[in-house]
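**Student:** Build me a model:
(2 chains)
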Amino acid sequence: MLAIARQRILGQSFQKIRPAVSVLRSYSSAAKQITVREALNSALDEEMSADPKVFLMGEEVGEYQGAYKITKGLLEKYGPERVLDTPITEAGFTGIGVGAAYYGLKPVVEFMTFNFSMQAIDHIINSAAKSNYMSAGQISVPIVFRGPNGAAAGVGAQHSQCYASWYASCPGLKVLSPYNSEDARGLLKAAIRDPDPVVFLENELLYGESFPVSDEVLDSSFCIPIGKAKIEREGKDVTITAFSKMVGYALKAAEILEKDGIHAEVINLRSIRPLDRSTINASVRKTNRLVTVEEGFPQHGVGAEICASVVEESFAYLDAPVERIAGADVPMPYAANLERMAVPQIEDIVRAARRACYRSVPLAAAA
Amino acid sequence: MALSYLRSSSSRSANLLRPLSSAASLRRPISTDTTPITIETSVPFTSHQCEAPSRSVETNPSELLTFFRDMALMRRMEIAADSLYKAKLIRGFCHLYDGQEAVAVGMEAAITKKDCIITAYRDHCTFVGRGGTLLEVFAELMGRQAGCSKGKGGSMHFYKKDSNFYGGHGIVGAQVPLGCGLAFAQKYSKDESVTFALYGDGAANQGQLFEALNISALWDLPAILVCENNHYGMGTAEWRAAKSPAYYKRGDYVPGLKVDGMDALAVKQACKFAKEHALKNGPIILEMDTYRYHGHSMSDPGSTYRTRDEISGIRQERDPIERVRKLVLSHDLATEKELKDIEKEVRKEVDDAIAQAKESPMPEPSELFSNVYAKGLGAESFGADRKEVRATLA
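**Tutor:** Got it, this is the predicted structure:
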């Protein structure tokens, strides 16, 4: 308990004096920085080392060292029986991965991006998610599906979709989405150890970003519980929920709002399914206002579920309508100016938070 | 795209090397000379479940010059795109076709614009072959209004419906069933035209390809599946991805032909053969043995899974433009200088198009909401902040 409290305080100190080296050089809090890529790579490495049943499968994960270099060095270390380069055939190799998981192995299947998971979605949903239920517990599916999700930069309509809400609507799946290096390590390790199918949604643009990590995070036993959100920044005026890259945007929005005297509480969901409704509701009961942020399409999105949950559980506590910030309701355009309009920006989050706090100008005219 | 170019015949030296079939007492301007010449393909065709066409291809000086010019244009265009990408004027993905030009050019020589072509994401040259302009290419790559998709598609999503070019697809293999669908529609409409569905060796293992092929064979669809085998699916060599890399045989009950994809005349012959076949007998597979000089995309150096010797070896031995250059010179259809002049012109055309594309503005913000539907029914659409930006879809 103490360790967690200490970690939380230290976590906040890192926020305020970022990116400087921690002044609070106490106990185990080394100011080591690692990229999300390094975090994922080390998590895979450690879990493969700890459990011989864990193996990797996907396009270019082996000899190419990973399309985004997440699996770098693992073929050399664990050999071709445990790091398998597949042909470009998602339906086929995903089915094979799920079958291997039926038998008791622990595959980690990489989708080069989650857009390509649509070719395999039948296996993810019908073969993996529902099996434990249909077999009354005989066949659990300890598989992880991982890869970059959501928008990158200029990759167009077929390569930019966020799949969080689609996968998170399906019972039987666990859906995780890390933000920083600590999340990446802890959640991936938890996912690999979990006996159920986990969809692990990374973000290409975060791979190269560095974040400070404590010794505890770097330890090979480190794990983050699935189903628990993290309060990245405490506040009392408005709750902002986000996951993945949008957590960074929400934190920057919170800094801007701070100057206006609005103290935003930023929740990093970490787990889209199970969704940590109790943390979200507890926060809204404290702040009375909610802004949900996501990159994906708005209709039937993650924010829609969060808003529904809050309206159902904490209606009396709301002092303002719930606000949703999401990707624009259009296929992702290529042109840079249109793409910028199609993806949430920090100012969108700030504006919505101000509205929720009744501190904005009247609504702009329709586009 | 033929060059309008006049030369006087008197400055020619004696044409001792001119083949008999093109002997004429008066020398006509090379660019419009349609005197038939017969040229043999580099290698004979290999066939599966069918009789291969002859390796003697009928062509003429005009066509060969057109091949040269068109391929030189495509080559220059792709190299210019490389520079633009490195200058960050092109964003996202950029998959270049240099080395594979003969497939685009040879195919067009055998077909009409009533025939359909559909391909994957390595589509810049295929688009140009269908009549797309350099301005449309560069403007699209830079995300500008003058682009073929008004800047909204990007490199992987070029289209030209008025010449039956259906894109431009980012998901590996998806274009093949789509192409079979085009063929279905052509047969349904009794159009007497065919569809060429192009895919790579990486896509050749996709299940959906075999599903669509099965149906096409059952229903006798005029579908021609063209495997542009450049031997690497991103970083994976064909032998590591396919138990049988004899892609022209993978159709099993569907006939196939293996073609030297670096020989524009062989490509032309094969496509002509395939079109005749498909109209009468249903689907056929063409495997084009080709090569890409660049890596898979601009973020792939292309040298971690191939040796530089291999790449330069192909460039020296099998380059499609050099092949045609040698043919033109050995048949005395143009001088070296004339060919170099063509290359200079083409370079200028590319440079001019880039300059023009740079002038084209970015799309209007309202374009964010256009073309979501063909018929919007007045539905509402939203920006990132739904209370700040909303639109009604017409």
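
**Student:** Which strands or helices does the biggest helix by length in chain B pack on?
**Tutor:** Taking DSSP state H as the criterion, chain B has its longest helix at helix B:61-86. If contacts are counted by 3 or more Cβ pairs under 8 Å, 6 or more residues apart in numbering or on different chains; DSSP states H and E, helix B:61-86 sits against helix B:101-110, helix B:124-129, helix B:134-141, helix B:320-330, helix B:336-359. C-beta: built from backbone N, CA, C; applies to glycine.

**Student:** which one of these lies closest to chain A?
**Tutor:** helix B:134-141 (8.0 Å; Cβ to the nearest Cβ).

**Student:** contacts for whichever helix or strand comes after that closest one?
**Tutor:** Sequence order places helix B:175-188 as the next helix or strand after helix B:134-141, per DSSP states H and E. Contacts of helix B:175-188 with the rest of the structure, by Cβ atoms under 8 Å, 6 or more residues apart in numbering or on different chains, involve B:116, B:118-120, B:166-167, B:169, B:192-199, B:203, B:206, B:208-209, B:211-213, B:215-216, B:219-223, B:225, B:278, B:283.

**Student:** Repeat that for stretch B:95-102.
**Tutor:** By Cβ under 8 Å, 6+ apart, stretch B:95-102 touches B:67, B:70-71, B:74-75, B:78-79, B:81-82, B:104, B:121-126, B:155-156, B:228, B:230, B:261-264, B:267, B:290-294, B:296-298, B:314-315, B:319-321, B:323.

**Student:** May I have the distance across that stretch, first residue to last?
**Tutor:** 17 Å (Cα to Cα, to the nearest Å).

**Student:** which residues does the closest residue to B:N60 other than its chain neighbours contact?
**Tutor:** Among residues not flanking B:N60 along the chain, B:T34 sits closest, at 4.5 Å (Cβ to Cβ, 6 or more residues apart in numbering or on different chains). Residues near B:T34 by Cβ under 8 Å, 6+ apart: B:N60, B:P61, B:S62, B:E63.

**Student:** circling back: please dump the helices and strands packed on helix B:61-86 into CSV; it should also carry mean neighbour count and distance to B:C180 for every row.
**Tutor:** Below are the helices and strands packed on helix B:61-86 laid out as CSV (neighbours: other Cβ atoms under 10 Å in any protein chain shown; distance: least, Cβ to Cβ, whole Å):
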stretch, mean neighbour count, distance to B:C180
helix B:101-110, 27, 17
helix B:124-129, 26, 18
helix B:134-141, 26, 27
helix B:320-330, 20, 28
helix B:336-359, 16, 34
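
**Student:** which parts of the stretch 101-250 of chain B sit against chain A?
**Tutor:** For the stretch 101-250 of chain B, the contact set with chain A under Cβ under 8 Å from any Cβ of the partner chain comprises B:140, B:143-144, B:149, B:151-157, B:169-173, B:202-203, B:205-208, B:233-236, B:240-242.

**Student:** I'd like to know which of these are buried.
**Tutor:** B:140, B:143-144, B:149, B:151-157, B:169-173, B:202-203, B:205-206, B:208, B:233-236, B:240-242 (16 or more other Cβ atoms under 10 Å in any protein chain shown).

**Student:** show me where the stretch 251-367 of chain A has strands.
**Tutor:** For the stretch 251-367 of chain A, the strands defined by DSSP state E, counting those that start in this stretch cover A:264-268, A:271-273, A:290-293, A:323-325.

**Student:** Just put the ones you listed in TSV and tack on mean neighbour count and distance to B:L339.
**Tutor:** Converted to TSV, these look like this (neighbours: other Cβ under 10 Å; distance: least, Cβ to Cβ, whole Å):
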stretch	mean neighbour count	distance to B:L339
strand A:264-268	27	62
strand A:271-273	25	60
strand A:290-293	31	59
strand A:323-325	26	58
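
**Student:** re the thing from before, could the helices and strands packed on helix B:61-86 go into CSV alongside distance to A:N337 and mean pLDDT?
**Tutor:** Supplementary listing: these in CSV, determined by distance: least, Cβ to Cβ, whole Å; pLDDT from 0 to 100:
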stretch, distance to A:N337, mean pLDDT
helix B:101-110, 31, 98
helix B:124-129, 23, 98
helix B:134-141, 14, 98
helix B:320-330, 37, 98
helix B:336-359, 15, 98
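
**Student:** okay if I get those as CSV plus distance to A:L40?
**Tutor:** Putting the helices and strands packed on helix B:61-86 into CSV (distance: least, Cβ to Cβ, whole Å) gives the following:
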stretch, distance to A:L40
helix B:101-110, 39
helix B:124-129, 34
helix B:134-141, 32
helix B:320-330, 42
helix B:336-359, 39
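
**Student:** out of the ones you listed, nearest to A:Q161?
**Tutor:** Proximity to A:Q161 (Cβ to Cβ) singles out helix B:134-141 among those, at 21.1 Å.

**Student:** elements contacting the closest one?
**Tutor:** Using 3+ Cβ pairs under 8 Å, 6+ apart: helix B:134-141 touches helix B:61-86, helix B:124-129, helix B:336-359.

**Student:** and B:V254, which of the ones you listed is closest to it?
**Tutor:** When those are compared by Cβ to Cβ, helix B:124-129 sits nearest B:V254, at 22.7 Å.

**Student:** who touches that closest one?
**Tutor:** B:70, B:73-74, B:77-78, B:81, B:96-97, B:100-101, B:104-105, B:107-108, B:117, B:119, B:134, B:136-137, B:141, B:148, B:155, B:158-160, B:165, B:168, B:198.

**Student:** Chain neighbours aside, what residue packs nearest to A:F222?
**Tutor:** A:G186 (5.6 Å).

**Student:** Mind listing the strands the helix or strand harbouring A:T239 pairs with, and their directions?
**Tutor:** Using DSSP H and E, the element containing A:T239 is strand A:238-242. Applying DSSP bridges, strand A:238-242 is found paired with strand A:264-268 (parallel), strand A:290-293 (parallel).

**Student:** Report the distance from it to the chain centre.
**Tutor:** 15 Å (Cα atoms, centre = their mean, to the nearest Å).

**Student:** got any ranges where the stretch 251-367 of chain A has weak pLDDT?
**Tutor:** For the stretch 251-367 of chain A, the stretches with pLDDT under 70 are A:360-367.

**Student:** Near chain B, which residues of it are found?
**Tutor:** Close to chain B, as judged by Cβ under 8 Å from any Cβ, the stretch 251-367 of chain A has residues A:298, A:323-331, A:333-338, A:341-345, A:348, A:351-352, A:355, A:363-364, A:366-367.

**Student:** Show the buried residues in those residues.
**Tutor:** A:298, A:323-331, A:333-338, A:341-344, A:348, A:351-352, A:355, A:367.

**Student:** Surely B:S303 touches B:H296?
**Tutor:** No: assessed by Cβ atoms under 8 Å, B:S303 is found out of contact with B:H296, at 11.5 Å.

**Student:** what do the two both touch?
**Tutor:** With Cβ under 8 Å, 6+ apart, B:S303 and B:H296 have no common neighbours.

**Student:** Counting neighbours, go ahead and name the busier of those two.
**Tutor:** A direct count of neighbours by other Cβ atoms under 10 Å in any protein chain shown for B:S303 and B:H296 places B:H296 higher, at 26 against 11.
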